[in-house]
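1. Pasting the sequence and the predicted coordinates here, then a few questions.
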Number of protein chains: 2
Amino acid sequence: MTVTPASPQKIWIYDTTLRDGAQREGIALSLDDKVRIARQLDAMGIPFIEGGWPGANPKDVQFFWQIKEKPLKNSELVAFCSTRRPHRAPEDDELLQAILSAGTRWVTLFGKSWDLHVSAGLKTSLEENLAMIEDSIGYLRSQGRRLIYDAEHWFDGYKHNPDYALKTLGAAIAGGAEWLVLCDTNGGCLPHEIAAIVEEVCNSFDLQLNPSPSLQAEDFHDRPRLGIHTHNDSETAVANAIAAVMEGATMVQGTMNGYGERCGNANLCSLIPNLQLKLGYDCLEPQQLTQLTRSSHLISEMANLAPNDHAAFVGLSAFAHKGGIHVSAVERNPLTYEHIAPESVGNNRRIVVSEQSGLSNILAKARTFGIELDKQDPVCRQILQQLKELEHEGYQFEAAEASFDLLMRQAMGQRPQFFGLKGFQVHCVTQDDGSILSLATIKVCIKGQDILEAGECNGPVSALDVALRRAIVQFYPEVKQFNLTDYKVRVLGGTDGPAARTRVLAEFSDGSQHWSTVGVSYNIIEASYKAVVEGLEYGLLLHHVDPQGEANATIGSISLLQPSP
Amino acid sequence: MTVTPASPQKIWIYDTTLRDGAQREGIALSLDDKVRIARQLDAMGIPFIEGGWPGANPKDVQFFWQIKEKPLKNSELVAFCSTRRPHRAPEDDELLQAILSAGTRWVTLFGKSWDLHVSAGLKTSLEENLAMIEDSIGYLRSQGRRLIYDAEHWFDGYKHNPDYALKTLGAAIAGGAEWLVLCDTNGGCLPHEIAAIVEEVCNSFDLQLNPSPSLQAEDFHDRPRLGIHTHNDSETAVANAIAAVMEGATMVQGTMNGYGERCGNANLCSLIPNLQLKLGYDCLEPQQLTQLTRSSHLISEMANLAPNDHAAFVGLSAFAHKGGIHVSAVERNPLTYEHIAPESVGNNRRIVVSEQSGLSNILAKARTFGIELDKQDPVCRQILQQLKELEHEGYQFEAAEASFDLLMRQAMGQRPQFFGLKGFQVHCVTQDDGSILSLATIKVCIKGQDILEAGECNGPVSALDVALRRAIVQFYPEVKQFNLTDYKVRVLGGTDGPAARTRVLAEFSDGSQHWSTVGVSYNIIEASYKAVVEGLEYGLLLHHVDPQGEANATIGSISLLQPSP
């Protein structure tokens, strides 16, 4: 069923995370974020990276300057711009001048395809719009730029007035555009519509539908290529882009993680593996493709958005298996349960431990930690039972594997006792200047010795973290290397407000290894504290530190700490 | 381009949120949750609701009993089950017996289509598998049940061994199944493959491809109908299901919000409006369709998962507009920027206020609060400036409209002063029994009078909430009606751990109206406190309470509170 060209057709991936992606509600990228994202896309070998609209946004001007100082290695950086204003010469149009100053070899110019938008939006005549498209492209070409033309609202425009929509593409060709990119700007189309309309475009112009993989100017022969730009308002952006590629589009515009206005743009993290692994097109080097998962997560971190665990191909759950029988089957023959090899996109198969887990899951999971359990061993059933109880309280070990490892070791009597916790108190108080000071005191027991320490910080959890580290560092200097790298809070049971249980997930790193822990409590500070304590404890375990705690100090149980003076 | 049958073809929506949806990592539905979700789907008029697998899960047995006591009004409840075990008579198979005891009119039986799964998974012969399918269906029919047959791994099975895969369908027809549902269990197919394979199935059997809208048994005429069940591992589940419908499938299986194992199932919240509003099929009554957004949010609440704001059709951002020119254009002619009318699925157009907002957005937003601002008014620019500064600090007003309204009123000098805050302190301390007590003291100033109050609770934020209400209730008894209904915490800047800024979103209700506020701070308690204070303040504003605070008490500025004895 799969289309496999004799020699794989090159598809040029065009990333617009930095412009269209940044339109997503909740994203606000700093200049530094933008540069880091561009470097990551460059490392992956994405052919085109749209950097922004230099005329419309001062931050974007700086971005292009900064990249110019240390150019990209693999990717073409593209500046984005609209056609000139009505009744103005291109050389007098400040937006076109701004785009020239960005100094990129490639420019993407967008223009109107839908007659309604010309008269209602631009408030100009249909003829003037055609002139705007042709002149703007012609002028930028005369200034040595190579042109990609984004036909905004193309599909809706074509549905309403096909003759005029085709004329706008004709104007772009006359101006000298090398790629005509058809945009489903409102995201309302379905794949069969995209396929039919792209086919009609192919029949209307002399286009290069199977171009050579070269980007040399002379390989364009004045016959433009086709591209596609889709949005996810119908939840079909990926399928829409694929439909266009199968009809001859050779440029695919999209964003990492599908970020974008409203419901987002076509998700490159799904499009690239679909095109390359399933349809046999040539998008990236196989080695670059294995960076997809890492890039997706890195970019979500820079955008300060939680990664979508359920994302296709790159999500934490994309290759997760949880049913009991299922898990043994997938271990025997992965192809029967996985549509691609997770490693090809840099992801991993995961055996999920959950309330619904059977014994075989617990065994498989233990194996990933190097622990061999026996199905007959009552320890196994004990772990399963404890897991169910903790999950009922709101614990989740799916993203807190260090806590799960500690739980298994506890059941097996193999959890070392590094320190015993005797209690803590936290105090937050408003200061004269309106700021709030947080103070924490903690008492731990190591080698039979009670140690009382205090810490202060701007937040209560960091104050506790400071105090705990101070208390144990003299025995375990390794803790200095452990950093809390991420911290997530989830309020459980949406309707109880602040009296609800809180689950905290914490991630730690020692620079080379990463581990994550979980804590749950009605008190957000206690939940955080539990996760932080297990994080430090697990770090010590990973570093093979000998425990110095006394045998009867139980980790996790907290007894009275008298208020410190 | 749109297929519009003369008389709209009925498509039977089959919801499996309660079974396949519940397989999603992180979902754990209680019996009560399941019943509430079923009632909601019933209210929407979803034709088939799969309730669970009674033989495999004790909770599911109870679920069917509970629904039997108070039957659904519009929907058919379906029990799910596998074929009998190898070499066992159906009447001796406890799973088939369990399904009979569920007492539903309809049963969905799933069986193997892929030869590999028969030999490696079931460890039986290909012939025995055919007998298992035919007998199990035949037996359940003989017991008065009507049968839907889910052909597990159908598409992969067909790709590997089409002859055998077709034989399994033949066995289901011979047994008496009324619907053959083709499943892309691993979610690896693309739409063109689905379309081609469904077409081949249609050519292989005598099927009802344009059945009458009746569900009467006699309308099946021993000619089964076709259905489709897709997963989202390629991010094309919705397009895959549509492709099958366009080839003749008349049952679409999916889940609300696309919940499901790994990357989820086909999302009914996107499929239903695509099929009905764009392709002209008959899925639900138009009035029922307007409940889609509300149902989606309700179900995410019951599943205790944050709604996906960027979901197609039902997401908070699905019809959000943020660019300045764009907003004025969409107000003039919505059709040019919106693929469907948001009201048709019960959603709303939203004007988004953000850092990138222009003045026209501020004006449009103010209008939604009944405030008429003048573009020339310096207050407008002041609001815009303040908005940018606060967003830079991490505030977001997109989901905290009450806080934004207060900000506008403040700039206009129209924010009433209900109380002045003089300071607070919070104290958390471990008790003898290991539990943690939280104590809060707060000082407010109302009518020139300083009021010091204390509160205790199991968490620090609830302790503060208790103390604040105690302090102001004597002046404003209305606060007793205001409940904090939701509380969300987001740690900003993923890499700073607990020293990072925290944003808290709080939602309040007085039983009829809802409002939401935001607070940001390096201190999670202060961030929560800010949101709670504005929530109570806004409630008083909505209730048109006369402020009794003194003129110089500034809301939001906090001065020293001496530690209470």
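-> Done, it's in.
2. Quick check: phi and psi at A:Asp282.
-> Per-residue torsions, A:Asp282: phi -110, psi 100 (degrees, to the nearest 10).
3. Over to A:Ala28?
-> phi -140, psi 100.
4. quick one: low-confidence ranges for chain A?
-> A:1-6, A:301, A:304, A:322-328, A:353-358, A:398-399, A:493-499, A:548-565 (pLDDT under 70).
5. domain ranges for it?
-> Recorded structural domains for chain A (assignment: automatic domain parsing) are A:12-284, A:320-411, A:420-542.
6. how long is stretch A:450-470 from one end to the other?
-> By CA to CA, to the nearest Å, the extent of stretch A:450-470 from end to end equals 13 Å.
7. other SSEs contacting the helix or strand encompassing A:Ile194?
-> A:Ile194 belongs to helix A:191-204 when assigned by DSSP states H and E. If you count contacts as 3 or more CB pairs under 8 Å, 6 or more residues apart in numbering or on different chains; DSSP states H and E, helix A:191-204 packs onto helix A:154-160, helix A:162-175, strand A:179-184, strand A:225-230, helix A:237-246, helix B:237-246. For glycine as for every other residue, the C-beta is placed from the backbone atoms N, C-alpha and C.
8. Mind putting these into JSON lines with mean neighbour count and distance to A:Ile197?
-> As requested, the helices and strands packed on helix A:191-204 are exported to JSON lines (neighbours: other CB atoms under 10 Å in any protein chain shown; distance: least, CB to CB, whole Å):
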{"stretch": "helix A:154-160", "mean neighbour count": "24", "distance to A:Ile197": "5"}
{"stretch": "helix A:162-175", "mean neighbour count": "20", "distance to A:Ile197": "9"}
{"stretch": "strand A:179-184", "mean neighbour count": "26", "distance to A:Ile197": "7"}
{"stretch": "strand A:225-230", "mean neighbour count": "27", "distance to A:Ile197": "11"}
{"stretch": "helix A:237-246", "mean neighbour count": "29", "distance to A:Ile197": "9"}
{"stretch": "helix B:237-246", "mean neighbour count": "29", "distance to A:Ile197": "16"}
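9. Residue of the stretch 251-400 of chain A closest to chain B, please.
-> Residue nearest to chain B within the stretch 251-400 of chain A: A:His339 (2.6 Å; CB to the nearest CB).
10. what residues are up against A:Pro416?
-> By CB atoms under 8 Å, 6 or more residues apart in numbering or on different chains, the contact set of A:Pro416 is A:Leu540, A:Leu541, A:Asp546, A:Pro547, A:Gly549.
11. go with 6 Å
-> Shown in contact with A:Pro416 (CB atoms under 6 Å, 6 or more residues apart in numbering or on different chains): A:Pro547.
12. ditto for A:Ser296
-> Applying CB under 6 Å, 6+ apart, the residues contacting A:Ser296 are A:Asn257, A:Cys269, A:Val314.
13. quick one: contacts of the helix holding A:Ile194?
-> A:155, A:158, A:166, A:236, A:239-240, A:243-244, A:247-248, B:1, B:191, B:239.
14. How about stretch A:105-123?
-> Residues contacting stretch A:105-123 (CB under 6 Å, 6+ apart): A:76, A:78-83, A:99, A:126, A:129, A:133, A:136-137, A:140, A:145-154, A:156-157, A:161, A:164-165, A:168, B:329, B:333, B:336.
15. do the same with stretch A:400-414
-> Contacts of stretch A:400-414 (CB under 6 Å, 6+ apart): A:369, A:379, A:382-383, A:397, A:415, A:505, A:515-518, A:534, A:538.
16. Most neighbours out of those residues, which is it?
-> Neighbour counts for these (other CB atoms under 10 Å in any protein chain shown) peak at A:Thr517, which has 29 neighbours.
17. In space, what's closest to it - neighbours in sequence excluded?
-> A:Glu534 (4.1 Å; CB to CB, 6 or more residues apart in numbering or on different chains).
18. Equivalent analysis for A:Gly188, please.
-> B:His339 (2.6 Å).
19. what's around that neighbour, how many residues?
-> Here the number of neighbours of B:His339 (other CB under 10 Å) works out to 25.
20. What of A:Gly176?
-> 20.
21. same question, A:Glu94
-> Going by other CB under 10 Å, the residues that sit close to A:Glu94 add up to 11.
22. Contact partners for it?
-> A:Glu94 neighbours (CB under 6 Å, 6+ apart): none.
23. biggest helix in chain A by residues?
-> helix A:524-542 (DSSP state H).
24. quick one: that helix to chain centroid distance?
-> 26 Å (CA atoms, centre = their mean, to the nearest Å).
25. Other residues contacting that helix?
-> By CB under 6 Å, 6+ apart, helix A:524-542 touches A:402-403, A:406, A:418, A:426, A:460-461, A:464-465, A:476, A:479, A:482, A:502, A:504, A:506, A:508, A:513, A:515, A:517-521, B:428, B:436.
26. same thing with stretch A:473-485?
-> A:446, A:469, A:506-510, A:536, A:539-540, A:543, A:545, A:548, B:497.
27. same thing with stretch A:286-294?
-> A:Met44, A:Gly45, A:Val314, A:Val345, A:Gly346, A:Asn347.
28. looking at these, which has the most residues close by?
-> Within the contacts of stretch A:286-294, neighbour counts (other CB under 10 Å) peak at A:Val314, which reaches 27 neighbours.
29. Now A:Val466: closest residue in space that isn't a chain neighbour?
-> Here the residue nearest A:Val466, using CB to CB, 6+ apart, is A:Gly455, at 3.0 Å.
30. got the residues of the stretch 151-300 of chain A near chain B?
-> Contact residues (CB under 6 Å from any CB of the partner chain) of the stretch 151-300 of chain A with chain B: A:186, A:188, A:191, A:193, A:233-236, A:238-239, A:262-264, A:270, A:274.
31. out of those residues, who has the most neighbours?
-> Counting neighbours by other CB under 10 Å, A:Thr236 leads these with 33 neighbours.
32. ok, it to B:Arg141 distance?
-> 38 Å (CB to CB, to the nearest Å).
33. try A:Asp135
-> From A:Asp135 over to B:Arg141 the distance is 72 Å, taken as CB to CB.
34. Just want to know which of the two has more residues nearby.
-> A:Asp135 (21 against 16).
35. residues of the helix or strand harbouring the more buried one that come out buried?
-> Using DSSP H and E, A:Asp135 maps to helix A:126-142. Residues of helix A:126-142 classed as buried by neighbour count (16 or more other CB atoms under 10 Å in any protein chain shown): A:129-141.
36. Equivalent analysis for stretch A:185-203, please.
-> For stretch A:185-203, a neighbour-count test (16+ other CB under 10 Å) marks A:185-195, A:197-198, A:201 as buried.
37. Can you show me the strands along the stretch 201-350 of chain A?
-> Using DSSP state E, counting those that start in this stretch, the strands of the stretch 201-350 of chain A run over A:225-230, A:251-254, A:320-321, A:350-351.
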